[in-house]
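K.L.:
Any chance you can model this:
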Amino acid sequence: MSRSPLYDRVESVLAASIADGSLPPETQLPPEEGLIERFKVSRTTVRKAIQNLIERGLVEIRRGKGTFVTQPKITQELTELTGFVEDMRVLGRNPTARLLDKRILAADETVAHHLALARGTLVVRLRRVRLADGVAMSFDETYLPRDIGEKVAENDLEAEPVFTLLEDKYDTPLVEAEYKLEAAAADPVAAEALRVPTGSPIFLIERTCYTTGNRPIDYEKLHYRGDLIRFVTRLARRPRISRKTGEP
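P.N.:
Presented below is the predicted three-dimensional model:
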């Protein structure tokens with residue numbers, strides 16, 4: 001019976017230590033010399049094991065600093081319209097928020113388009129950092145029509161989700177939303193809010209929520225840290241048309 005390769009055993013031990021919390025996120029792994037001594041293996045074996053851990057997303061090399069255990073990524077499904085608080089609670093995480101700014105300003109062309117308003121119309125903008133278990137996950141910019149936005153802004157936005165306020169307090173049901181998701185680099189504002197270097201990879205989601213009557217009520221730009229979250233969805237294949245009968 002063949003034995004597993006040495007690098008596989010080194011990888012397994014380190015992966016198990018990460019899984020059971022012995023090596024928590026942000027912990028620096030011992031240098032190569034330390035791992036060589038601990039496992040009694042060659043430098044090549046250690047490097048192969050570390051490379052496998054990198055490919056699994058368990059550790060990362062930080063240039064000039066060393067190899068560190070990564071924060072585990074949150075997997076969020078894009079299958080229905082939900083808010084950050086709802087998403088994190090389903091995943092067993094503790095969601096919190098930090099309000100950075102709330103103000104009335106003139107809608108630029110993009111905001112006006114998504115809220116079906118004339119350019120220059122006054123709207124309410126909210127800027128918040130959304131956290132899961134104390135870790136900043138997303139920097140959110142929320143734009144609301146002034147009439148409802150001023151009411152929402154009067155509340156404790158670090159404790160009460162906007163979706164909940166709209167639906168439960170101001171009788172504004174959220175019926176559906178349009179999502180646009182793209183890979184982007186964090187601009188200086190988002191980077192400062194998320195406490196990551198400018199240019200760090202992020203997911204940028206533009207979400208426009210509609211209430212009854214197909215009225216856009218909430219336009220958001222959500223900047224998610226690319227190193228901490230992944231999005232998944234499940235798609236149904238449309239019925240195929242038979243070439244012979246022209247029917248499904």
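
K.L.:
Quick one: mean pLDDT over stretch 140-157.
P.N.:
Taken as a whole, stretch 140-157 has a mean pLDDT of 97.

K.L.:
Check stretch 126-136 too.
P.N.:
92.

K.L.:
Give me the secondary structure label for residue 167.
P.N.:
Judged by DSSP: H, G, I helix; E, B strand; the rest coil, the three-state class of residue 167 is helix.

K.L.:
Run through the residues that contact it.
P.N.:
If you count contacts by CB atoms under 8 Å, 6 or more residues apart in numbering, residue 167 has them with 173-174. Where C-beta positions appear, they are placed from N, C-alpha and C, glycine not excepted.

K.L.:
distance of residue 109 from residue 141?
P.N.:
15 Å (CB to CB, to the nearest Å).

K.L.:
of the two, who's got more company?
P.N.:
More neighbours surround residue 141 than the other of residue 109 and residue 141, with 20 against 9 (other CB atoms under 10 Å).

K.L.:
Skipping its backbone neighbours, what lies nearest the more buried one in space?
P.N.:
residue 221 (4.4 Å; CB to CB, 6 or more residues apart in numbering).

K.L.:
ok, that neighbour - how many residues close by?
P.N.:
Neighbour tally, residue 221, other CB under 10 Å: 19.

K.L.:
Distance check, the residue positioned nearest the centre of the chain against residue 22.
P.N.:
For the chain, residue 224 is the residue whose C-alpha lies nearest the centre (CA atoms, centre = their mean; 3.7 Å). Counting by CB to CB, the separation of residue 224 from residue 22 is 29 Å.
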